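Colleague: Have a look at this prediction, sequence included:
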Amino acid sequence: MEAFATMLDDLYFTNSNLAKEEILANYFRSTPDPDRGWALAAIAGTLNFDLFKRNLSKSLIAERMDPELFALSYDYVGELSETIALAWPVSENAVRLNRLPSLSEVIREFQSRSKQGIREYLTTMLDNMTPPQRWALLKLGTRGLRVGMSARSVKRTLARMKDVDLEVIEELWHGLEPPYEGLFAWIDGTADMPDVSSAIAYLPVMLAHPLDEEKDLERISPATHQVEWKWDGIRVQLAANGTEARVFSRTGDDISRSFPDLLGAVDFVGTLDGELLVLPEGPDGAVGTFNDLQQRLNKKKPSAGLMQRLPAHFRAYDVLNLEGENLRPEPLAERRRRLEDFMDDLDPFRFSISQLLKFENVRDLAAFRDEASASSGLLEGLMIKDRSSSYVSGRPKHAWYKWKCDPMLLDAVLMYAQRGHGKRSSYYSDYTFGLWNEAGDLLPIGKAYFGFTDEELKQLDNWVRSHKQQRFGPVQEVKKELVFEVAFDSAHRSSRHKSGFALRFPRIHRIRWDKPASEANRLSDLEQMVGQNRSHE
């Protein structure tokens with residue numbers, strides 16, 4: 001456990017991605033099984049169990065520390081586990097350990113104990129640990145570990161250790177389970193590559209470059225490229241082996257549990273690439289907004305009512321393999337032909353194929369993009385793909401382009417600020433902003449915590465501190481005087497928000513230090529932007 005905590009501490013305070021990967025690789029090389037496998041799972045986010053509940057650590061600190069003092073400490077630090085780790089008072093009657101157990105011993109102890117036993121063991125561990133070790137345990141125990149490394153970065157570390165392409169690790173990944181002893185034996189050279197041929201595997205996705213209008217449009221012609229709508233859903237991969245099926249996000253996360261209605265309609269062997277959508281009005285109606293889709297995301301057990309109201313739908317862009325045949329080396333034109341033939345046999349309520357848009361010249365493409373911009377956010381723009389392109393991971397040059405709509409812009413007024421987490425815990429960095437209604441009241445329309453520089457963050461933090469009004473727990477109300485130019489991809493009506501609207505991907509575009517709050521936009525302006533949804537079927 002000591003080595004694990006030291007490694008996490010080093011990762012947390014290291015900025016360079018390459019340096020982080022070297023720290024992790026050194027840990028893997030010097031740590032025995034199964035500790036290094038559990039560490040890999042914790043950092044990559046593949047642990048499928050909690051060692052203890054988050055509320056347990058909160059109740060333990062409440063027994064040992066004045067609640068008001070803890071609240072003040074929590075407000076200053078800005079992160080629960082870090083606050084407990086720093087503030088934990090060791091009991092005079094604490095059980096003293098000769099050594100900290102190993103990571104695998106800790107996991108085994110928590111998994112084998114009763115509820116009361118878990119409470120006692122967590123107390124003993126916290127009493128015998130340093131603050132960094134406590135933080136590591138608290139984060140590990142609730143699967144809340146964040147050290148600035150993505151799952152892809154972790155996989156890249158493994159690929160470099162074995163000196164293989166990242167794709168090799170990607171294709172193994174979902175066929176393996178913690179603590180990954182077979183994977184590490186192969187990396188160490190003491191065993192063959194793990195056999196995952198019978199497992200459903202995620203295949204690294206092919207991505208598009210943003211289209212450069214000055215340089216790239218001249219490369220595109222009807223003879224060489226196909227054009228499709230870029231829908232505002234989420235990019236997914238649907239894989240099936242004849243007995244089970246899974247849905248993977250574009251980053252390889254398994255999100256299958258949220259969409260049993262879609263998986264129940266899968267009766268093929270293969271892997272499809274496409275967009276996950278919802279169809280509130282059925283297969284012949286309009287596609288749902290991203291706000292509709294969000295109600296399905298991260299639902300581990302969606303109710304029958306929710307699935308009936310917002311049925312999942314898969315819009316296929318590409319086919320990667322079919323009945324055991326690897327189609328990725330084939331040109332896109334051939335994959336598209338195979339996909340069209342294949343889609344004829346699937347349930348149209350759950351599956352459809354992306355529409356190919358006929359065009360003759362650049363003016364036609366620009367007109368399609370304008371049409372996407374007028375779709376009230378249902379469409380993000382266009383996908384433009386070279387018909388000769390094979391399907392490879394990453395962003396191969398000049399193969400696929402995305403021509404997104406310009407973001408929508410509104411001037412909104414800052415209403416509330418909240419401190420950030422981690423390295424931003426000392427700054428007010430999370431901002432809630434709103435628009436004026438007809439009665440002259442400000443109603444919140446969104447929240448953003450990026451889109452500004454580090455220097456602007458310091459200026460904003462100073463402004464918040466000098467313009468404070470009421471306090472609501474960790475949230476600070478401010479004087480309604482500062483205007484943000486907010487960029488967002490789309491806006492949708494939403495009964496869950498007081499303003500009646502929800503923004504898609506809001507971010508701070510500019511800080512309007514010069515603009516009076518009275519001149520900010522009004523809700524009626526946003527309502528006009530929303531307009532009428534269009535299906536584009």
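Modeller: Okay, I see it. Remember, predicted model here, so these are calculated numbers, not experimental data.
Colleague: Give me the buried positions along stretch 47-55.
Modeller: Neighbour-count burial for stretch 47-55, counted by 16 or more other C-beta atoms under 10 Å, picks out 47, 51-52. For every residue, glycine as well, the C-beta is placed using N, CA and C.
Colleague: tell me the mean pLDDT for it?
Modeller: Per-residue pLDDT over stretch 47-55 has a mean of 87.
Colleague: same question, stretch 446-455
Modeller: Mean predicted lDDT for stretch 446-455 stands at 91.
Colleague: Pull the distance from it to the chain's centre.
Modeller: Stretch 446-455 has its C-alpha centroid displaced from the chain centroid by 18 Å (C-alpha atoms, centre = their mean, to the nearest Å).
Colleague: pretty sure Gln355 is touching Trp229, no?
Modeller: Yes: taking contacts as C-beta atoms under 8 Å, Gln355 lies within contact range of Trp229: 6.5 Å.
Colleague: the more surrounded of the two?
Modeller: Set side by side, Gln355 and Trp229 show more neighbours around Trp229, with 23 against 12, by other C-beta atoms under 10 Å.
Colleague: Let me see the ranges of the helices in the stretch 251-400 of the chain.
Modeller: Listed in chain order, the helices of the stretch 251-400 of the chain (DSSP state H, counting those that start in this stretch) span 260-263, 290-294, 304-309, 332-343, 362-373.
Colleague: I'd like those as TSV, with mean pLDDT and mean neighbour count appended.
Modeller: As requested, the helices of the stretch 251-400 of the chain are arranged in TSV below (pLDDT from 0 to 100; neighbours: other C-beta atoms under 10 Å):
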stretch	mean pLDDT	mean neighbour count
helix 260-263	96	19
helix 290-294	86	20
helix 304-309	94	12
helix 332-343	96	17
helix 362-373	94	16
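Colleague: Please identify which of these is closest to Lys215.
Modeller: Distances from Lys215 to each of these were compared using C-beta to C-beta; the shortest belongs to helix 362-373, at 12.8 Å.
Colleague: if we can go back for a sec, Val278: which of the helices of the stretch 251-400 of the chain is closest?
Modeller: Across the helices of the stretch 251-400 of the chain, Val278 has its closest neighbour in helix 290-294 (5.0 Å, C-beta to C-beta).
Colleague: Name the residues that touch the closest one?
Modeller: Where contact means C-beta atoms under 8 Å, 6 or more residues apart in numbering, the residues beyond helix 290-294 that reach it are 232-234, 276-278, 280, 310, 377, 490, 492, 494, 502, 504.
Colleague: Out of the buried residues of stretch 47-55, list just those in helices.
Modeller: Helix and strand membership here follows DSSP state H; of those, not one is in helices.
Colleague: how about those residues in CSV, adding distance to Leu80?
Modeller: Shown next, in CSV, are the buried residues of stretch 47-55 (distance: C-beta to C-beta, whole Å):
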residue, distance to Leu80
Leu47, 19
Leu51, 16
Phe52, 14
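Colleague: before we move on, back to that, in JSON lines: the helices of the stretch 251-400 of the chain, plus distance to Gly446.
Modeller: JSON lines is the format used below for those (distance: least, C-beta to C-beta, whole Å):
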{"stretch": "helix 260-263", "distance to Gly446": "29"}
{"stretch": "helix 290-294", "distance to Gly446": "12"}
{"stretch": "helix 304-309", "distance to Gly446": "24"}
{"stretch": "helix 332-343", "distance to Gly446": "37"}
{"stretch": "helix 362-373", "distance to Gly446": "20"}
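Colleague: Who are the packing partners of the helix or strand in which Arg134 is found?
Modeller: Taking DSSP states H and E as the definition, one finds Arg134 inside helix 131-141. Secondary-structure packing of helix 131-141 (3 or more C-beta pairs under 8 Å, 6 or more residues apart in numbering; DSSP states H and E): helix 2-12, helix 80-87, helix 103-112, helix 115-127.
Colleague: Out of these, the one nearest Pro204 is which?
Modeller: Among the helices and strands packed on helix 131-141, if distance is taken as C-beta to C-beta, the winner is helix 2-12, at 24.0 Å.
Colleague: For the worst-scoring helix or strand of the chain on mean pLDDT, which residues meet the burial criterion?
Modeller: Confidence across the helices and strands of the chain bottoms out at strand 490-493, with a mean of 81, counting by mean pLDDT, DSSP states H and E. Going by neighbour count (16+ other C-beta under 10 Å), the buried part of strand 490-493 is 490-492.
Colleague: Just give me the residue closest to the centre of this protein.
Modeller: The chain has Thr251 as the residue nearest its centroid, 8.2 Å off, counting by C-alpha atoms, centre = their mean.
Colleague: Just list the residues touching it, thanks.
Modeller: Thr251 makes contact with 150-152, according to C-beta under 8 Å, 6+ apart.
Colleague: picking that back up, let me know the closest of the buried residues of strand 490-493 to Ser91.
Modeller: Using C-beta to C-beta, His492 is the member of the buried residues of strand 490-493 that lies nearest Ser91, at 52.1 Å.
Colleague: how is the chain carved up into domains?
Modeller: Listed domain ranges for the chain are 2-141, 209-404, 408-530 (source: automatic domain parsing).
Colleague: Tell me which of the ones you listed lies nearest to Pro178.
Modeller: Using C-beta to C-beta and comparing the domains of the chain, the one that lies nearest Pro178 is domain 2-141, at 3.7 Å.
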